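*Asks:* Based on what follows, work out the 3D shape:
(one chain, ligands or ions: 1)
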Amino acid sequence: MKQARTPLVLLIGFLGSGKTTLLEKLLPVLGGMGRRPHVILNDYKNADVDSARLAALTDLVEPIHGSCVCCDSRDELFDALERVPEEEGTMVLVEANGTTDALELVELLAMDRRAGRFSPPVQVSTVDANRWQRRLWHNRLERSQLVTAGLAWVTRVDEVKPERRDQVVAALEKMGAEIYHGEVAPLAERLGSMDAPRAVVESHGDDCECCGGHGHGHHHHSDHHFASAERSLPPVVDRDALVSLVAEMPDEVVRVKGVCFFEDGGAPHLFQRVEGERKPTVIPLEVQPQTGPVMVLIGARLPMEEIDAQLATLAAVEAAD
Ligand SMILES: Nc1nc2c(ncn2[C@@H]2O[C@H](COP(=O)(O)OP(=O)(O)OP(=O)(O)O)[C@@H](O)[C@H]2O)c(=O)[nH]1
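*Replies:* Numbers count the residues shown, from 1 in each chain. Okay, here's the model as predicted:
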């Protein structure tokens, strides 16, 4: 039976958008649901202050003092994740600092083997209804932090007119996020019900505890909450088929990366496609990868049914050869 993975929630939002305030509200509700929230705080200036604010709510608050978990403090983040207890009900909430590159952080946690015992990350973005897209040269960063957000928590709705709130909500919905504001309970319930077995989005086998084993390619209806998904690939794939499959992925897929073997029997290859480009780069790997053939996809609301159908054609190409 597959080992359940610990749910991992990323809390990302611009400076002062209300991340710690949201945690203060979420933690008691999650605790009341029988969860053991473990908080990792990354804010180089305020980590100690914020951890003091939250310490009363959970004894599992860990400040990280390095500059940024998506770049300079990666090792500190993985060390902190390693210290997370493997107790039933544990879920991890990482509060990133206000200028975090969300995509970098999601990619890091989805692909680095040191995060292997955690579910693919779920991103919650905090958005200040008053200041959304009124930050001049920071507007771009603020928008980019939403690209991988499955869920968004809108703050300061008490300070704006209902028309402004509705305008911000509509803009965020257009970006694909599921919106919450006001009462924290529905958001806590959504997060608290994301059980780890459902977060295992790779191909399910006969022993899958979430679906009873509906076979290869089955995916759970809650996949789209995750900012990333992982799929195993056939042992050998046709190079052209893989390249065109990656090039023609749906628009929701922001980044794709993976390892595969081609029919020529040569070295394993790394393939990846970054935002704004369609064609993937494919390079041979000199060292043997730690993983088998695999594809990791990043983006909020990934249309996994469509993607699985495309992956099934990749398997058919291989089988036909
Ligand atoms: N009126 C109002 N104030 C809020 C709301 N949410 C947060 N605040 C206030 O906004 C300020 C910043 O909130 P924090 O929760 O510290 O924001 P943060 O995103 O953690 O801030 P950094 O860690 O500095 O990036 C605090 O004074 C909060 O009390 C809200 O929904 N309404």
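
*Asks:* quick one: low-confidence parts of the stretch 51-200 of the chain?
*Replies:* 51, 66-71, 195-200 (pLDDT under 70).

*Asks:* got the residues of it near the ligand?
*Replies:* Within the stretch 51-200 of the chain, the positions lying close to the ligand (Cβ under 6 Å from any ligand atom) are 98, 126, 155-156, 158-159. Placement of C-beta: from N, CA and C, glycine included.

*Asks:* now with 5 Å?
*Replies:* 98, 155-156 (Cβ under 5 Å from any ligand atom).

*Asks:* Reformat the residues you listed as CSV; add secondary structure.
*Replies:* Shown next, in CSV, are those (DSSP: H, G, I helix; E, B strand; the rest coil):
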residue, secondary structure
Gly98, coil
Thr155, strand
Arg156, coil
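
*Asks:* between those, which is closest to Arg143?
*Replies:* Gly98 (14.3 Å; Cβ to Cβ).

*Asks:* burial count for the closest one?
*Replies:* Around Gly98 sit 22 other residues, with neighbours defined as other Cβ atoms under 10 Å.

*Asks:* so where do the strands sit in the stretch 1-150 of the chain?
*Replies:* In the stretch 1-150 of the chain, the segments counted as strands under DSSP state E, counting those that start in this stretch are 8-13, 36-42, 61-64, 90-95, 122-128.

*Asks:* want to try TSV for those, with mean neighbour count as columns?
*Replies:* TSV is the format used below for the strands of the stretch 1-150 of the chain (neighbours: other Cβ atoms under 10 Å):
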stretch	mean neighbour count
strand 8-13	26
strand 36-42	25
strand 61-64	21
strand 90-95	24
strand 122-128	26
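
*Asks:* Export those strands to TSV and append columns for distance to Thr291.
*Replies:* Converted to TSV, the strands of the stretch 1-150 of the chain look like this (distance: least, Cβ to Cβ, whole Å):
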stretch	distance to Thr291
strand 8-13	19
strand 36-42	25
strand 61-64	27
strand 90-95	22
strand 122-128	22
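
*Asks:* quick one, which of the ones you listed is nearest to Val256?
*Replies:* Relative to Val256, the nearest member of the strands of the stretch 1-150 of the chain by Cβ to Cβ is strand 122-128, separated by 17.6 Å.

*Asks:* okay, the angle between the closest one and strand 90-95?
*Replies:* Here the directions of strand 122-128 and strand 90-95 differ by 40 degrees (axes from the mean of the first three to the mean of the last three Cα atoms, to 10 degrees).

*Asks:* What are the structural domain limits within this protein?
*Replies:* With domains defined by automatic domain parsing, the chain comprises 8-192, 233-320.

*Asks:* Ile283 pairs with what?
*Replies:* Judged by DSSP bridges, the bridge partners of Ile283 are Leu270.

*Asks:* hang on, it packs against His269?
*Replies:* Yes. Contact criterion Cβ atoms under 8 Å: Ile283 and His269 qualify, at 6.5 Å.

*Asks:* Look at those two and report which has more neighbours.
*Replies:* It is His269, of Ile283 and His269, that has more neighbours when counted by other Cβ under 10 Å, with 19 against 10.

*Asks:* per-residue pLDDT, that one?
*Replies:* You'll see His269 listed with a pLDDT of 88.

*Asks:* Tell me which residues touch it, please.
*Replies:* By Cβ atoms under 8 Å, 6 or more residues apart in numbering, the contact list for His269 reads 259-262, 282-285.

*Asks:* Of those residues, which one scores lowest on pLDDT?
*Replies:* Here the lowest pLDDT out of those sits on Leu285, with 81.

*Asks:* For stretch 138-151, buried residues please.
*Replies:* For stretch 138-151, a neighbour-count test (16 or more other Cβ atoms under 10 Å) marks 141-142, 145-151 as buried.

*Asks:* That stretch spans what distance, first to last residue?
*Replies:* One end of stretch 138-151 to the other measures 21 Å (Cα to Cα, to the nearest Å).

*Asks:* Stretch 137-151 too?
*Replies:* Counting by Cα to Cα, you get 24 Å between the two ends of stretch 137-151.

*Asks:* Residue of the stretch 151-300 of the chain nearest the ligand, please.
*Replies:* Closest residue of the stretch 151-300 of the chain to the ligand, Cβ to the nearest ligand atom: Thr155 (3.8 Å).

*Asks:* For that residue, which non-adjacent residue is closest in space?
*Replies:* Once flanking residues are discounted, Thr155 sits nearest to Gly18: 3.5 Å by Cβ to Cβ, 6 or more residues apart in numbering.

*Asks:* what do you get for Gly292?
*Replies:* Leaving aside its sequence neighbours, Gly292 sits nearest to Ser232 (Cβ to Cβ, 6+ apart; 6.4 Å).
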